[in-house]
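**Q** sequence and predicted structure below; questions after.
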Amino acid sequence: MDESELHFGPFRLEDAKQLWRGDQPIHLRRQTLSLLRHLAERPDRLVTKDELIKELWPGIDVSPTVVKVCVREIRHALGDEAVNPQFVETVGGQGYRFIQRGVSRRFPVANTQKAGGNDQPPAAPPKRLPTNGGQLTAHFVGREYELGQLQAWYERVQQGQRQLIFLSGEAGIGKTTLVEHFLAAQAKGTVRIGRGHCIEHYEHGEAYLPVLQAVQQLCRAPHGDQVIAILRRYAPLWLVQLTGVSGADELARLQLQVQGSSPQRMLREFADVMEVLAAETPVILLLEDLQWSDAATVELLEYLAQRRERARLLVIGTYRPADTVLGRHPLRRVVQRLIGRGQCQELALELFTPAEVEAYLRHCMAGSPVVDVLGAVIHRRTEGNALFVMDFVDYLLQRGLLVATAEGWELRVALEALEELIPDHVRQLMAKQVEDLSREVQRLLEMASVVGMSFTAGEVAAVLNHPLEATEAVYDELASQGRFLEVQGLAEWPDGSITVRYRFRHALCQHTLYHRVGLAQRVRWHRQLGEHFVRVNGAQTHEMAGERAYPYRPQAGDTNLVGRAGTVRRARSVGRGRP
């Protein structure tokens, strides 16, 4: 086996085992790594989809969506984009071409440490928080590593290295809470902090709205008169747009002075002001919900990232990736472009683990034993989304299902009933998102919810008599947008064919969709699923060795759903790691 490493741009591909950017590992599934290596070994050559399937999955019937999903994962890992690619170019309908120049092949020098006669790989850096001697509050859980990473980037800022950080994650995952903890720690020192917030709108928003809010806050903070003086000298275009900062006479003079100025002057003035302000004192700008920002703000961020002058400037932008994809917002392409050039950093927040949900509950309930049974249920229902966890606990408290007594906290509802609860706020959020979809897409999601938390398009297409490729296209688009679904991995069926396995992002989402389906329809779909699996698997239906079994049993409110299929054999998962 060829054990060489491929080097291209800032990346290193270690055989087909691991992708690295500098000393940072980037997780990709095995099949995706193999596809990346196949393309990178053939730079500037068109590699057809048929060739990729033949080389990487020889003799196996592979769904066309599998290749598309792998290429998307590669682009996400490299910070690439399909519209203006730097690494992988799509050649209309035919295949792909690796266009990054300067691909080199190297053979790594062994660098292992011997201990007790065994090769010991280097230990991964510990996830711990450098806190300047401070202590985190007990309710702040699960974000110690991310907080430490923000602190490390801020230390570079204090040395004069400007930093642009994008903090990404779905709604309710805890982006604002993380940033608030970080800013609270920095506010104890000498620093200027300005905050701006984008708002959802249906028409074009005001140009530079969150940036103007942040600058206005700098003007009103202690020593704001210094900020105003610098604006007056270096950025009259910005000063004229700030309310309540200039007097009537000065405002009139400024308006005459800046009349006819170009948008490029706005960019240059702002960069100059930030560099003067941040020459000695660090400046932190927080811009939230950039998925709703105006195009001018995105252009300004890209301009700041490309400046090379030294400045103690930290810009943090939060956004929801799914919303940028859904709304075709330019932000996502800009982030990918800047990452590819090494001009920004992205910190993507993950959902809470079961242990982190339990730690939050222990804080709320003063270590009550009820957490031992409640923690697992709440994590299973919320998948660890911080907002959903809090909503779930509030829901139990408001309805008297979780009560504080003299002896401690008491759960006054059966655990089985918790599996059916959906907080009102979450239900409304899910309902709104579903209703925004076409009826055809709603139906495909409802059918998928009957299959379970994870499913393949083939299962749904068989029951609905819907074309397989069209079904996959719908699920693939939803997963790429981060809406409702995610790609769980690949699945191999008993006949050797390989397809994509999808998974609902949250159990609450699957549950909401499931109960949108009428009881009689659920009964029919369950039975049709069982009959489909019997047809596909035949005599192998009840094989258990190494396979996943799917039990057809009623959920709450359903009766007589089992039918003649019983427990059937499903597709075996291939590469189960999350993409």
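**A** Cool, got the structure. Residues are numbered from 1 along each chain as shown.

**Q** let me know the average pLDDT across the strand or helix carrying Gln433.
**A** Assessed by DSSP states H and E, Gln433 sits inside helix 424-435. Rounded to a whole number, the mean pLDDT of helix 424-435 is 79.

**Q** same check on stretch 386-399?
**A** This predicted structure assigns stretch 386-399 an average pLDDT of 86.

**Q** kindly report the same for stretch 85-97.
**A** Taken as a whole, stretch 85-97 has a mean pLDDT of 88.

**Q** can I get it in PDB, CA atoms only?
**A** Taking only C-alpha atoms (Å, rounded to 0.1, in the frame of the first residue of the first chain), the coordinates of stretch 85-97 have been written out as PDB:
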ATOM      1  CA  PRO A  85     -13.700  26.500  -6.300                       C
ATOM      2  CA  GLN A  86     -10.100  26.400  -5.300                       C
ATOM      3  CA  PHE A  87      -9.700  22.700  -5.000                       C
ATOM      4  CA  VAL A  88     -12.500  20.600  -6.500                       C
ATOM      5  CA  GLU A  89     -14.200  21.700  -9.700                       C
ATOM      6  CA  THR A  90     -17.500  20.200 -10.900                       C
ATOM      7  CA  VAL A  91     -17.400  19.500 -14.700                       C
ATOM      8  CA  GLY A  92     -21.100  19.900 -15.700                       C
ATOM      9  CA  GLY A  93     -22.800  16.500 -15.300                       C
ATOM     10  CA  GLN A  94     -19.700  14.500 -16.100                       C
ATOM     11  CA  GLY A  95     -17.500  14.400 -13.000                       C
ATOM     12  CA  TYR A  96     -14.900  16.400 -11.000                       C
ATOM     13  CA  ARG A  97     -11.400  17.900 -11.500                       C
END
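
**Q** what does it rub up against?
**A** When contacts are defined by CB atoms under 8 Å, 6 or more residues apart in numbering, stretch 85-97 is touched by residues 8-9, 39, 44-52, 71, 74-75, 78, 80, 82, 98-100, 337, 340. For the C-beta atoms, the positions are set from N, CA and C on the backbone; glycine is no exception.

**Q** now do stretch 262-269
**A** So stretch 262-269 is contacted by Tyr208, Tyr234, Ala235, Pro236, Leu237, Trp238, Ala296, Glu299, Leu300, Tyr303 (CB under 8 Å, 6+ apart).

**Q** how about that stretch: buried residues?
**A** When burial is assessed from 16 or more other CB atoms under 10 Å, stretch 262-269 yields the following buried residues: Met266, Leu267, Arg268, Glu269.

**Q** thinking again about what came up before, filter the contacts of stretch 85-97 down to the buried ones, PyMOL style.
**A** Of these, the buried ones go into a single PyMOL selection, burial set by 16+ other CB under 10 Å:
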select buried, resi 8+9+39+47+49+52+71+74+75+78+80+98+100+337+340
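
**Q** filter the contacts of stretch 85-97 down to the ones in strands?
**A** When those are checked against strands (DSSP state E), the matches are Phe8, Val47, Thr48, Phe98.

**Q** wait, isn't the last one in contact with Arg37?
**A** No: between Phe98 and Arg37 there is no contact, the gap being 10.0 Å when judged by CB atoms under 8 Å.

**Q** low-confidence ranges, the stretch 301-450 of the chain, go.
**A** Across the stretch 301-450 of the chain, residues meeting the criterion (pLDDT under 70) sit at 326.

**Q** how about the stretch 101-250 of the chain?
**A** Within the stretch 101-250 of the chain, the segments meeting pLDDT under 70 span 108-140, 201-205.

**Q** tell me the two of the ones in strands among the contacts of stretch 85-97 that are most distant?
**A** Farthest-apart pair in those is Phe8 and Thr48; separation 21.3 Å (CB to CB).

**Q** for burial, what's the neighbour tally of the nearest residue to His197 once chain neighbours are set aside?
**A** The shortest distance from His197 to any residue other than its chain neighbours is 4.7 Å, reached at Glu288 (CB to CB, 6 or more residues apart in numbering). Residue neighbour count, defined by other CB atoms under 10 Å, stands at 21 for Glu288.

**Q** Glu288 and Glu180 touch, don't they?
**A** No: the criterion here is CB under 8 Å, and Glu288 misses it with Glu180 at 10.6 Å.

**Q** tell me the SS of Leu167?
**A** Following DSSP: H, G, I helix; E, B strand; the rest coil, Leu167 is assigned to strand.

**Q** what count of nearby residues applies to it?
**A** Every residue meeting other CB under 10 Å relative to Leu167 is counted, giving 25.

**Q** kindly report the same for Leu164.
**A** Taking other CB under 10 Å as the neighbour definition, Leu164 ends up with a count of 22.

**Q** check contacts around it.
**A** Under the contact definition (CB under 8 Å, 6+ apart), the residues listed for Leu164 are Leu301, Leu304, Ala305, Val315, Gly317, Leu338, Gln343, Cys344, Gln345.

**Q** if any of the residues you listed are buried, put those into a PyMOL selection.
**A** Here is the PyMOL selection string for the buried members of these, based on 16+ other CB under 10 Å:
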select buried, resi 301+304+305+315+317+338+343+344
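
**Q** turn the contacts of Leu164 into CSV, including distance to Leu411 and secondary structure.
**A** Output for those, formatted as CSV (distance: CB to CB, whole Å; DSSP: H, G, I helix; E, B strand; the rest coil):
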residue, distance to Leu411, secondary structure
Leu301, 47, helix
Leu304, 51, helix
Ala305, 50, helix
Val315, 45, strand
Gly317, 41, strand
Leu338, 48, helix
Gln343, 51, coil
Cys344, 46, coil
Gln345, 42, strand
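
**Q** C-alpha coordinates for stretch 100-109, PDB please?
**A** Backbone C-alpha positions of stretch 100-109 (Å, rounded to 0.1, in the frame of the first residue of the first chain) are rendered in PDB as follows:
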ATOM      1  CA  GLN A 100      -5.300  23.100  -6.800                       C
ATOM      2  CA  ARG A 101      -1.800  23.500  -8.200                       C
ATOM      3  CA  GLY A 102       1.400  22.300  -6.500                       C
ATOM      4  CA  VAL A 103       0.300  18.900  -5.200                       C
ATOM      5  CA  SER A 104       3.400  17.100  -3.900                       C
ATOM      6  CA  ARG A 105       3.900  13.600  -2.700                       C
ATOM      7  CA  ARG A 106       6.100  13.000   0.400                       C
ATOM      8  CA  PHE A 107       7.000   9.900   2.400                       C
ATOM      9  CA  PRO A 108       6.700  10.700   6.100                       C
ATOM     10  CA  VAL A 109       9.600  10.000   8.500                       C
END
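
**Q** starting at the chain centroid, how far to that stretch?
**A** Put simply, stretch 100-109 sits 30 Å off its chain's centre (CA atoms, centre = their mean, to the nearest Å).

**Q** got the domain ranges for the protein?
**A** In the domain annotation for the chain, the residue ranges read 5-106, 144-348, 354-421, 425-574 (automatic domain parsing).

**Q** which residue sits closest to Thr324 in space, ignoring its chain neighbours?
**A** Leaving out its chain neighbours, the residue that sits closest to Thr324 by CB to CB, 6+ apart is Arg332, at 4.0 Å.

**Q** where does the one you found sit: helix, strand or coil?
**A** Arg332 falls in the helix class when you classify it by three-state DSSP.

**Q** isn't it right up against Val325?
**A** Yes: with contact defined as CB under 8 Å, Arg332 and Val325 form a contacting pair (6.2 Å).

**Q** more neighbours: the two, which one.
**A** The residue with the greater number of neighbours, taking Arg332 and Val325 and applying other CB under 10 Å, is Arg332; the counts read 22 against 16.

**Q** which one of the contacts of stretch 262-269 is nearest to Asp15?
**A** Distance ranking of those against Asp15, using CB to CB, places Tyr303 first at 39.5 Å.

**Q** distance from the chain centre to the helix holding Gln433, please.
**A** With CA atoms, centre = their mean, you get 20 Å for helix 424-435.

**Q** ok, now stretch 159-170?
**A** Once both centres are worked out by CA atoms, centre = their mean, stretch 159-170 turns out to sit 16 Å from its chain's centre.
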